[in-house]
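Q: Sequence and predicted structure, then a few things I'm wondering about:
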Amino acid sequence: MKKIFVDYKKCVACKACEIACAIEHHPSHSLFGLLGDKKTQVNVRVLAVEHEAFPVSCRHCDPAWCMDACPSGAITRDNETGAVILNPDLCKACAMCAMVCPFDAISFKETHRAKYGRDVAYKCDLCNERLKNNKIPACVEACHSNALTFEEFEPLRNEKAVKSLKVYLMNKEDMPKHIELFRELRKKEFAARRGEKS
């Protein structure tokens, strides 16, 4: 099964992933449609800690603790794509799923998918409908720095293990120059805000 992977070192905090997600999940599927709409649903959040930024969303864990914790059966797995899907019609907003999620990937509010005019849980659905139409998730498609990728789990894990060993043993890291420059500028900007001399 393919999953979304994040290389936080390449994230430039442009938030294109958040905008693409909001457009994909809005009934109008347009940027203008979601402006000022309080029911807009964004399933990925770009968080910033000091000079680092990284997108956070559901990891579609296997086994999924949120699925086990949901007393109403609102959370299920799509066997074809592996996506953990939430049905807002069955959600009781009890927050059990959010309590057990280790990634803080589940939020609550009234969205366009909530039929009864009340707050419900919402989370990343891996753009399940897009996957079934042989497309990649909207956030991955919108990511210009390639911080988000959609790949098979095992080959990528093996590649990362070899790369990490190379970095550990030879202190070599293959970072594109423009991303390296951006990261250095961000570090200097945060140091300046704290009043530190660089």
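A: Good, I have the coordinates.
Q: residues in contact with the closest residue to residue 60 other than its chain neighbours?
A: Among residues not flanking residue 60 along the chain, residue 84 sits closest, at 4.8 Å (Cβ to Cβ, 6 or more residues apart in numbering). Quick note: C-beta positions are derived from backbone N, CA and C, even for glycine. Counting by Cβ atoms under 8 Å, 6 or more residues apart in numbering, residue 84 touches 58, 60, 61, 64, 66, 67, 75, 76, 77, 123, 126.
Q: In strands, which of the residues you listed appear?
A: The strands, defined by DSSP state E, take in 75, 76, 77 from those.
Q: Let me know the closest of those residues to residue 95.
A: residue 75 (12.5 Å; Cβ to Cβ).
Q: Excluding chain neighbours, give the residue nearest to the closest one in space.
A: That would be residue 67: by Cβ to Cβ, 6+ apart, it lies 4.5 Å from residue 75.
Q: ok, the contacts of residue 84 vs residue 46, which is closest?
A: residue 58 (14.8 Å).
Q: low-scoring pLDDT stretches of the protein, where are they?
A: By pLDDT under 70, the low-scoring segments of the chain are 165-166, 168-175, 197-198.
Q: please redo it, this time with the cut-off set to 80
A: 48-52, 153-154, 156-184, 186, 189-190, 193, 196-198 (pLDDT under 80).
Q: Can you give the domain ranges for it?
A: 2-154, 157-194 (the TED database).
Q: okay, these, which one's buried deepest?
A: domain 2-154 (a mean of 17; mean count of other Cβ atoms under 10 Å).
Q: still on that earlier bit, just the contacts of residue 84: which are in helices?
A: 66, 67 (DSSP state H).
Q: could the contacts of residue 84 go into TSV alongside distance to residue 106?
A: Formatted as TSV, the contacts of residue 84 follow (distance: Cβ to Cβ, whole Å):
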residue	distance to residue 106
58	7
60	12
61	12
64	11
66	6
67	11
75	9
76	15
77	15
123	5
126	14
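Q: Just the closest of the contacts of residue 84 to residue 189, please.
A: Scanning the contacts of residue 84 for proximity to residue 189, where the rule is Cβ to Cβ, the winner is residue 58, at 30.6 Å.
Q: For this structure, which segments are assigned as strands?
A: Going by DSSP E, the chain shows strands at 2-6, 45-49, 52-56, 75-77, 84-86, 107-109, 120-122, 148-152.
Q: Go through those strands and name the closest to residue 30.
A: Among the strands of the chain, strand 120-122 sits nearest to residue 30 (Cβ to Cβ), with 19.8 Å.
Q: so what's the residue nearest to residue 131 when sequence neighbours are not counted up against?
A: Nearest residue to residue 131, sequence neighbours excluded (Cβ to Cβ, 6+ apart): residue 81, at 4.7 Å. Neighbouring residues of residue 81 by Cβ under 8 Å, 6+ apart: 1, 126, 128, 131, 132.
Q: Backbone dihedrals for the residue positioned nearest the centre of the chain, both of them.
A: Nearest to the mean C-alpha position of the chain, counting by Cα atoms, centre = their mean, stands residue 57 at 3.0 Å. Phi and psi for residue 57, reported as degrees, to the nearest 10, are phi -160, psi -180.
Q: That'll do, ta.
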